[in-house]
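1. sharing a model prediction with you, sequence too.
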Amino acid sequence: MADAARSTDRLGALDITRKLAAICGDPFARFAGPADEVAGRTARWVAVPGGPHAAAEVLRLAAAYDLTVVPRGAGTKIDWGAAPAQVDIMLDTGRLAGVWHESRDAAVAEIGAGTPLRAVQATLARTNQRLPVDAPSPGATLGGVLAADETGPLRHRHGSPCAQLVGVRYLDADGELVSVGESGTAALRRAAPGRGGGRAGGRGPAGAGGSASGVFGDDPVRGGGDAILGRGEVPGLDVARLLCGSQGGFGVLVSATMRVHAVPAGRLWVSRPVWTPLEVHDLVQAVLAAGVDPAAVELDLPVPVPLPRRRIPATHPSVVNRPDHPAVTGRPAAGSLVVLLEGGPADVTERAERLTAILGPETIVSHHAPEWWGRYPFAPGDTALRIEVPINDLHAAVYALRDATGAPVPVRGSAGSGTVHAALSGALPPDRVASILTAVRSVLIARRGRCVVVAAPAAVRRGVDLWGELPALPRLRSAKAHLDPHRRLAPGRLPGGL
């Protein structure tokens, strides 16, 4: 009896595989392998549709067989957040790629979800433009960046990727292709056939080659709106904003229309060594009050390594200008506070000079970013945290993390916007990580901040509260029930097991 059931299962699985191959093409549909995981949960099939309508057919097939679907871009953040309850079909967006750019003077570009961010920038650079998105994940696709609402240093001036959206085209849980937003308004309509994948109609691709933070983000999509097309209305919700950071839990992104900007003619990085979070607080306040219009204000506070004392002549500038310099005192090596200035070459140089006068003689001005710029402080296997707090309280959050951990913790991120990442050793047991999170979150509650677990070893992911207190959870639950009532899209990836 059991053997007969297994035989039936195999026959059903082969039938689904054949149908996926008919939709996507033989080379682009297969049984999943050991590497096809989502936060440790292995998929059953992998489908790589060649366009938005093929992707819609995959979702309709999933609905017919009551299968779950989880989108995947380049997989750079596939282990972020909670593990899904089930992954039947992993929908790879790699062929939903392309950049559609009206003209050299166009202020927006439509970009396929599966397009690598590096390819987007290379294509736009041909007309001396760029997307002001600098997500740290190497190889990330635009869809993946939006699905995680992943931000880099340029968030300080330009906001999160979600804030730069003009519109999106996505597939809902029933496989309906929907377009949201038009010229920044809340206009919603069914999407017409054509653009959105590597086989676009109309304008051809000028170039081509995927955290639930955005769900709770403070960067609303310009235009807002309460209607969600195809399922009535959900008061107070904006579907484009919901898609940001949802990890595919509300819809499968097909393409996004984003604002583009001219490439700045001049860029300078102004760096200053720092030793303590309180010192960082004071310096950031000075930078923001200086009127130098920074494009980014980034902090790197590594775990300090004590330096040996050195004999330096009394007339050496480091002694005259900074007798407490670590080369003299032997105290731990410094971190860095780095300010990026962008604009016209002469203007950037003048602002760098003003900033140097404020930050002091240890300041260094460079035409190149430091090695750590735009990189996370954590490595695979670490427990990665993201802390968001008003900038005046960032130092308190870092001190709270140090106190709870009992030792310095590497911290890196946007000191100018109060969003940083930190790394805990992957060797820490779940109960120890849980106690650290409780202590830090108790400090952040009164400061309107939050601390979430971005990624973690499987035991930690299962054993701790990844999100902390979430006032928006009832609205998320309502949105999930409205947009995906059968829990077909990435079930369990959203907070609260949604």
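-> It's in.
2. how about the strands in the stretch 51-200 of the chain?
-> 69-72, 89-92, 99-100, 108-112, 129-130, 165-171, 177-180, 188-190 (DSSP state E, counting those that start in this stretch).
3. just the C-alphas of the longest one, formatted as PDB.
-> Pointing back at strand 165-171 there. Extracted C-alpha coordinates of strand 165-171, given in PDB (Å, rounded to 0.1, in the frame of the first residue of the first chain):
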ATOM      1  CA  LEU A 165       9.900  53.000  -7.000                       C
ATOM      2  CA  VAL A 166       7.600  54.700  -9.500                       C
ATOM      3  CA  GLY A 167       5.700  51.500 -10.300                       C
ATOM      4  CA  VAL A 168       5.900  47.700 -10.300                       C
ATOM      5  CA  ARG A 169       4.600  44.800 -12.400                       C
ATOM      6  CA  TYR A 170       3.900  41.700 -10.400                       C
ATOM      7  CA  LEU A 171       2.100  38.400 -10.500                       C
END
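4. now do that strand against strand 108-112, angle only.
-> 30 degrees (axes from the mean of the first three to the mean of the last three CA atoms, to 10 degrees).
5. give me the helices and strands touching strand 165-171, please.
-> Packing contacts for strand 165-171, counted by 3 or more CB pairs under 8 Å, 6 or more residues apart in numbering; DSSP states H and E, involve helix 52-64, strand 177-180, helix 239-243, strand 252-259. C-beta: built from backbone N, CA, C; applies to glycine.
6. returning to what we had before: turn the strands of the stretch 51-200 of the chain into a markdown table, including mean pLDDT and mean neighbour count.
-> Formatted as a markdown table, those follow (pLDDT from 0 to 100; neighbours: other CB atoms under 10 Å):
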| stretch | mean pLDDT | mean neighbour count |
| --- | --- | --- |
| strand 69-72 | 96 | 28 |
| strand 89-92 | 97 | 24 |
| strand 99-100 | 88 | 24 |
| strand 108-112 | 94 | 25 |
| strand 129-130 | 94 | 19 |
| strand 165-171 | 92 | 25 |
| strand 177-180 | 90 | 22 |
| strand 188-190 | 37 | 13 |
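7. okay, and the helix or strand of this protein with the least pLDDT?
-> When the helices and strands of the chain are compared on mean pLDDT, DSSP states H and E, strand 188-190 comes out lowest with a mean of 37.
8. can you give me the neighbour number for V46?
-> 20 (other CB atoms under 10 Å).
9. just checking, it is part of a helix?
-> No - assessed by DSSP: H, G, I helix; E, B strand; the rest coil, V46 does not belong to a helix; its assignment is strand.
10. what sits against it?
-> When contacts are counted by CB atoms under 8 Å, 6 or more residues apart in numbering, V46 touches A29, R30, F31, A32, D36, I89, M90, D92.
11. so where do the helices sit in the chain?
-> Assigned by DSSP state H, the chain shows helices spanning 2-24, 52-64, 117-125, 142-148, 155-158, 239-243, 277-289, 317-321, 326-329, 345-359, 394-405, 430-445, 458-463, 473-483.
12. elements contacting the fourth one?
-> Pointing back at helix 142-148 there. Looks like helix 142-148 contacts strand 108-112, helix 117-125, strand 252-259 (3+ CB pairs under 8 Å, 6+ apart).
13. 7 Å instead, please
-> On a contact count with 3 or more CB pairs under 7 Å, 6 or more residues apart in numbering; DSSP states H and E, helix 142-148 meets helix 117-125, strand 252-259.
14. now do the fifth one
-> Secondary-structure packing of helix 155-158 (3+ CB pairs under 7 Å, 6+ apart): strand 296-301.
15. find the nearest non-adjacent residue to V270, please.
-> V339 (4.5 Å; CB to CB, 6 or more residues apart in numbering).
16. wait, what's in contact with that neighbour?
-> Contact analysis of V339 by CB atoms under 7 Å, 6 or more residues apart in numbering lists V270, V287, P294, V297, L355.
17. same deal with D134?
-> D134 makes contact with G152, P153, L154, G374 under the criterion CB under 7 Å, 6+ apart.
18. for those residues, which one is nearest I391?
-> Nearest to I391 among the contacts of D134: P153, at 14.7 Å, using CB to CB.
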